[in-house]
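Undergrad: sequence first, then the predicted structure:
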Amino acid sequence: MPTATPAPGPVPPMPEYTPKALRAAIAAHAPALLADFDSAWREQLADAYDIAPVPAFMARWWGEYALARDPALDRHVAGLEARAAEATDAEAARKLLEDASRIRHGLRTLEPGE
């Protein structure tokens, strides 16, 4: 997934928790994610006759947008992941990836407006 680089400035608030609102926020504040979001939507939900996959889709993309809308945090997480990929010590790599994962997971709990 590409690392988005929104325009400098304040971090925009999280949108309403709907696919339509999330897509609009991505288009406005993290356009580098838009093609992947649309592709994932088409692959995972476009032909679905059951809405069961929507919560998992929203959780993933909610976190992706929450990270992408904050350039400093996005760079920090990308740095942790890059350092883990380059680490020669498995334990050090594991700790770096755990830190990145903890941040990504925590972003999924943000509420609209935060």
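TA: The structure has been received and is ready for your questions.

Undergrad: same question for stretch 30-49: list its buried residues.
TA: Residues of stretch 30-49 classed as buried by neighbour count (16 or more other C-beta atoms under 10 Å): 30, 33, 37, 40. All C-beta spots, glycine's among them, are computed from the backbone N, C-alpha and C.

Undergrad: now the end-to-end length of that stretch.
TA: End-to-end distance for stretch 30-49, by C-alpha to C-alpha, to the nearest Å: 29 Å.

Undergrad: what is the mean pLDDT for it?
TA: Computed over stretch 30-49, the mean pLDDT rounds to 92.

Undergrad: residues in contact with the longest helix along the chain?
TA: Longest helix of the chain, by residue count under DSSP state H: helix 90-107. The contact list for helix 90-107 (C-beta atoms under 8 Å, 6 or more residues apart in numbering) reads 62-63, 66-67, 73, 76-77, 80-81, 83-85, 87.

Undergrad: since that was my last question, I'll sign off now.
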